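Student: Model the following, please.
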Amino acid sequence: MEAPLLVLFIILILITVNNLRDMSISCNVSLLLAFARLNSIFHMKVKAYSPLVVIFRGNNNSSYNGVESIAFTFKNNCPYTIWPGTLSGASSPILSSTGFELPNGATFTLDAPTPWSGRFWARSLCHSDATGKFSITASLKGVSQRLKHKDDSVSTLLARKRPILQTHAISTLLLFSRCSTGDCGSGEKSCNGKGGAPPATLAEFTLGGSMNKDFYDISLVDGFNLPLSVVPQGVTNECPATSCAADLNTQCPDSLSFKDTKGSTIGCKSACLAFNQPQYCCTGEYKTPQTCPPTNQSLYFKNQCPQAYSYAYDDPTSTFTCPTGVNYFITFCP
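Tutor: From the prediction side, this is the model:
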């Protein structure tokens, strides 16, 4: 190959790799065609450049812009099926799955590039129709059968636009949710960029953050629905595990209780969600750590799960770090 053409070819490779993060699959295909054309010009063997083909497959989690990915392995120890959801941060790529079904005892592994930030949670008590799509039909039917007053049919309640949560011992959200807890409103297993409705226990991650470290926590700021643990793999004291293994639903204060249509507590709301007041949400004049101390409600969470975030300014005892590059094992109902 002549030297000028070789230089041109190398420049094209460098420009392409530098812009890979923002490229769509269609752009990658076009670039492959361009490389094929260069191959015919330079009489090169494509086999010798096969790594380029791997790079341009698009959304390949084994490599992201030249950085190896890490693996999140999820396990369901709950005695029933759950549907974990994933949500990437605003500047992070969407993972290959945004939601999946996880039966009792099953595991599922999902790769993420570094840097990456986002959260995981689990949906529970989901209702599906004959096609496998999530449906509200079962929830509506159950509510209609259990309403205490003769004239309070579902259609009547909706027509009145009354706050059902305040007038009946059932959750308004159950009328509109396809999953009783953590529902993301997508109507299917994938959440497609939508977060879970509170109350929901969260596992939050920032991979490849400051000083080349991962930051992770379990958060109850959005309330609690299922016990959860996060265990870094293959490391010891340098990367501590964290968990909220207690079932907060069993002793959840009545003012925070999130109930199903039978009146059973299936979630425990945060004080912010339950009361929507600045002193509980750390907003307005309460927006600093000095003006927004723990409340009796957040202390219930903290006493049960001392490693988890119990309210907005619970950083010192709830955020953990680990050198970037380790894999994580996430267990529901550990």
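Student: C-alpha from now on. contacts and neighbour counts both.
Tutor: OK.
Student: quick one, strands of the stretch 51-200 of the chain?
Tutor: 63-64, 67-68, 70-76, 83-88, 107-112, 116-126, 179-181 (DSSP state E, counting those that start in this stretch).
Student: which one of these has the lowest average pLDDT?
Tutor: Mean pLDDT values for the strands of the stretch 51-200 of the chain show the minimum at strand 63-64, a mean of 49.
Student: Save the strands of the stretch 51-200 of the chain as JSON lines, and put in distance to residue 226 too.
Tutor: Formatted as JSON lines, those follow (distance: least, Cα to Cα, whole Å):
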{"stretch": "strand 63-64", "distance to residue 226": "32"}
{"stretch": "strand 67-68", "distance to residue 226": "31"}
{"stretch": "strand 70-76", "distance to residue 226": "11"}
{"stretch": "strand 83-88", "distance to residue 226": "11"}
{"stretch": "strand 107-112", "distance to residue 226": "17"}
{"stretch": "strand 116-126", "distance to residue 226": "8"}
{"stretch": "strand 179-181", "distance to residue 226": "9"}
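Student: Let me have those in JSON lines, adding mean neighbour count and distance to residue 291 as columns.
Tutor: Shown next, in JSON lines, are the strands of the stretch 51-200 of the chain (neighbours: other Cα atoms under 10 Å; distance: least, Cα to Cα, whole Å):
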{"stretch": "strand 63-64", "mean neighbour count": "18", "distance to residue 291": "42"}
{"stretch": "strand 67-68", "mean neighbour count": "14", "distance to residue 291": "42"}
{"stretch": "strand 70-76", "mean neighbour count": "20", "distance to residue 291": "37"}
{"stretch": "strand 83-88", "mean neighbour count": "24", "distance to residue 291": "31"}
{"stretch": "strand 107-112", "mean neighbour count": "17", "distance to residue 291": "37"}
{"stretch": "strand 116-126", "mean neighbour count": "23", "distance to residue 291": "28"}
{"stretch": "strand 179-181", "mean neighbour count": "27", "distance to residue 291": "31"}
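Student: just so I know, which of those strands lies nearest residue 315?
Tutor: Each of the strands of the stretch 51-200 of the chain was scored for nearness to residue 315 using Cα to Cα, and the closest is strand 116-126 (16.7 Å).
Student: Just checking: what are the partner strands of the closest one?
Tutor: Looking at strand 116-126 with DSSP bridges, its partner strands are strand 83-88 (antiparallel), strand 179-181 (antiparallel), strand 202-207 (antiparallel).
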